[in-house]
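[1] Would you be able to build a 3D model of this:
(chains A and B, ligands or ions: 2)
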Amino acid sequence: MSATTGRLVIVGASLAGLRAAQALRADGFTGSLTIVGDEPHFPYDRPPLSKRTLTADLVPDNALPMPDGLDARWELGQPAVHLDTQRGAVTLGDGTRLAYDGVLVATGSTARGWHDPRSLPERGVLTLRTRDDALRLRAELPPGHKLVVVGAGFLGGEIAAAARARGVDVTLVEAASQPLERAIGAGPGAYMAELHREAGIDLRTGTTVADFRATGGRLTGVRLSDDSELPADVAVLALGAAPATAWLAGSSLDIGNGVRCDIHLRALTADGAVVPGVVAAGDVARVPHHLAGGAPIVLGHWSNAVEQGTAAAHTLLKPDDPRPFTGVPTFWSDLHDARIRSVGLPALADEVRVHEHDLAGRHLEVGYHRAGKLVGALTVGRTGRLTAYRHQLERDAWRARAATEPHRSPCRSSRS
Amino acid sequence: MQITVDMNVCESHGQCVFAAPEVFSFDDEDYLVYDAAPPDALRDKVEKAVASCPVRAITISAR
Ligand SMILES: Cc1cc2nc3c(=O)[nH]c(=O)nc-3n(C[C@H](O)[C@H](O)[C@H](O)COP(=O)(O)OP(=O)(O)OC[C@H]3O[C@@H](n4cnc5c(N)ncnc54)[C@H](O)[C@@H]3O)c2cc1C
Ligand code: SF4
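    Ligands and ions are numbered 1, 2, ... in the order given. Take a look at the predicted model:
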């Protein structure tokens, strides 16, 4: 394929896929571009789904703006079911074969389900990943209804907060001793716990849901591992996300816990060989990260989907000049009236330094370190202070990048 | 180059500050302050800021 013509296929019609398409056209690609998505909708934004989509009086429009000049063929409402990397073709659910010169995998992730799905009541237990999921959940949240949220991570916490704002009775169940304990540490987790309790949410930590009660197929309550019973009209499972890779089974790609990529976002086989013409981006991609000591990780965040989508498009178009992806992750969450903003990878830390912890004033500043080195930071109401942390992490990223590409470093002569 | 930020939409994500610190910054209260007429030399950075703002609060106007 020449750099500007040929046939490119993007699988996954959401944030990473759309930004990749935009980058391809901006980089001068004039060939044919097909975007495949199993949802019937044009790309839309997911973060509002656990926030304004649940709380606003009218369901807000969360469509992502369509860039000018995209000139893409959209195959919506049907999944890709197979990738043939030998012959270069994607097969769709209706049997259509799309031959490609290059393919970008951006199928994101799906909500993790219950470990024993057959034990779930037919109605009343939901998950949240898509716009349709959000509308279903919204309809189940009239004031006074009783909601149990299983899992107090970012998503579970936001759903609990949104439901509470609508006057729903909310119980939030978390296995760890604080919400978000593994993600952001026990001290900052306790801060989030206080936010929930202040808002009138019944937070149960150190316990799990043992089973669900139902009458006539409809949820009526849950039993916790401490044997307490909670009445419930609706329950939401917020147990994390799993990369959507089932459709890649039988291809040569390594899809253990996400599409394994190299630092240029090129998909790899289980032996670590580059699969020609296949790149991945966003929630589905597992990419080496310098902050994780070069270990491949999945970053399920909005900004990451934007940055990787753009970077993967570049690699696809210019295979001979791929840029390494060394972005500094950023993440946000809105919990009650607290704007949580973070940079780097707080979950990697072995040391958590709390510089400010002011619940009443809605201020929090935390630095995260591993083996004495900064790996992340998190703030509430102090986004301004994140800039310095971010600069530090960026400098480290730049050094990591220079180390992988000695010939690009201006202050070092090429050794190979 | 002329830019505007819709402050009713801005949620202090800071992505613009990361992308173009010459143009965007925060005051002590975490409110965004910005240069509404940055030099054209910063166009690439400002475009990056526009693309990375999660709530699409920033617009570049024609004049
Ligand atoms: C409710 C919710 C709230 C969130 N809030 C935040 C937040 O506050 N901050 C933040 O940083 N991030 C947040 N996120 C995460 C953020 O939305 C994701 O990181 C982002 O959507 C990832 O984009 P993506 O394009 O990689 O994947 P996705 O958005 O998951 O899109 C993948 C698309 O591919 C489709 N697909 C899957 N399999 C196939 C197939 N076989 N064939 C065709 N199409 C397929 C899917 O249906 C989907 O449309 C939130 C996510 C959710 C669900
Ligand atoms: S990136 Fe957008 S939301 Fe964030 S501070 Fe800038 S304008 Fe505001």
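[2] in terms of contact, does A:Gly17 touch A:Ala80 like I think?
    No. Judged on C-beta atoms under 8 Å, A:Gly17 makes no contact with A:Ala80 at a distance of 11.5 Å. Every residue, glycine included, has its C-beta placed from N, CA and C.
[3] can you tell if the helix ranked longest in chain A touches chain B?
    The longest helix of chain A (DSSP state H) is helix A:383-404. Yes. Judged by C-beta under 8 Å from any C-beta of the partner chain, helix A:383-404 and chain B are in contact via A:Thr383, A:Gly384, A:Leu386, A:Thr387, A:Arg390.
[4] tell me how far the ends of stretch A:243-257 are from each other?
    7 Å (C-alpha to C-alpha, to the nearest Å).
[5] contacting residues for whatever residue of chain B ends up closest to chain A?
    In chain B, no residue comes nearer to chain A than B:Phe26, which is 3.3 Å away by C-beta to the nearest C-beta. By C-beta atoms under 8 Å, 6 or more residues apart in numbering or on different chains, B:Phe26 lies in contact with A:Thr383, A:Gly384, A:Thr387, B:Ser12, B:Gly14, B:Val17, B:Leu32, B:Val33.
[6] By neighbour count, which of those wins?
    Using other C-beta atoms under 10 Å in any protein chain shown as the neighbour criterion, B:Gly14 leads the contacts of B:Phe26 with 27 neighbours.
[7] For the residue lying closest to it once chain neighbours are set aside, give its distance to B:Phe26.
    Leaving aside its chain neighbours, B:Gly14 sits nearest to A:Thr383 (4.4 Å; criterion: C-beta to C-beta, 6 or more residues apart in numbering or on different chains). With distances taken as C-beta to C-beta, to the nearest Å, A:Thr383 is found 6 Å from B:Phe26.
[8] for A:Leu248, same thing?
    On the measure of C-beta to C-beta, A:Leu248 and B:Phe26 end up 42 Å apart.
[9] Check A:Ala193 too.
    When distance is defined by C-beta to C-beta, A:Ala193 is 27 Å away from B:Phe26.
[10] Repeat that for A:Val170.
    Taken as C-beta to C-beta, the span from A:Val170 to B:Phe26 is 32 Å.
[11] Let me see the contact set for the most centrally placed residue in chain A.
    Centroid-nearest residue in chain A: A:Gly300, 2.4 Å away (criterion: C-alpha atoms, centre = their mean). Neighbouring residues of A:Gly300 by C-beta under 8 Å, 6+ apart: A:Ser109, A:Ala241, A:Asp283.
[12] tell me, how many neighbours does the second one end up with?
    For A:Ala241, the neighbour count with other C-beta under 10 Å is 18.
[13] shouldn't it be in contact with A:Ala111?
    Yes. Look at A:Ala241 against A:Ala111 with C-beta under 8 Å: they come within range, at 6.1 Å.
[14] In space, what's closest to the closest residue to chain B within the stretch 251-400 of chain A - neighbours in sequence excluded?
    Of all residues in the stretch 251-400 of chain A, the one sitting closest to chain B is A:Gly384 (3.3 Å; C-beta to the nearest C-beta). Once flanking residues are discounted, A:Gly384 sits nearest to B:Phe26: 3.3 Å by C-beta to C-beta, 6+ apart.
[15] do A:Gln22 as well
    Using C-beta to C-beta, 6+ apart, the nearest residue to A:Gln22 is A:Pro67, at 4.5 Å.
[16] Roughly how far does the one you found sit from A:Pro329?
    24 Å.
[17] Next SSE downstream of the helix or strand containing A:Val9?
    For A:Val9, the element it lies in under DSSP states H and E is strand A:7-11. Following strand A:7-11 in sequence order, the next helix or strand is helix A:15-26 (DSSP H and E).
[18] Can you mark which positions in the helix or strand of chain A at the bottom of the mean pLDDT ranking are buried?
    Within chain A, no helix or strand scores below helix A:383-404, which has a mean of 85 by mean pLDDT, DSSP states H and E. Going by neighbour count (16 or more other C-beta atoms under 10 Å in any protein chain shown), the buried part of helix A:383-404 is A:383-387, A:389-390, A:392-394, A:396-397, A:400-402.
[19] Show me where the stretch 251-400 of chain A has its strands.
    For the stretch 251-400 of chain A, strands defined by DSSP state E, counting those that start in this stretch occupy the ranges A:259-260, A:266-268, A:274-280, A:285-288, A:296-297, A:330-335, A:338-344, A:351-358, A:363-370, A:373-380.
[20] Ignore what I typed, I meant chain B.
    Read by DSSP state E, chain B holds these strands, from start to end of the chain: B:2-5, B:24-26, B:32-34, B:58-61.
[21] Can you give me the neighbour number for A:Gly293?
    Using other C-beta under 10 Å: A:Gly293 sits among 11 other residues.
[22] Do you know the pLDDT at it?
    The model reports A:Gly293 with a pLDDT of 89.
[23] What of A:Lys373?
    You'll see A:Lys373 listed with a pLDDT of 93.
[24] Which strand residues bridge it?
    According to DSSP bridges, the residues that bridge with A:Lys373 are A:Arg370.
[25] tell me the contacts of the residue of the stretch 301-416 of chain A found nearest ligand 2?
    Closest residue of the stretch 301-416 of chain A to ligand 2, C-beta to the nearest ligand atom: A:Thr383 (7.2 Å). A:Thr383 sits next to A:Arg339, A:Arg341, B:Ser12, B:His13, B:Gly14, B:Val17, B:Phe26, B:Asp30 when contact means C-beta under 8 Å, 6+ apart.
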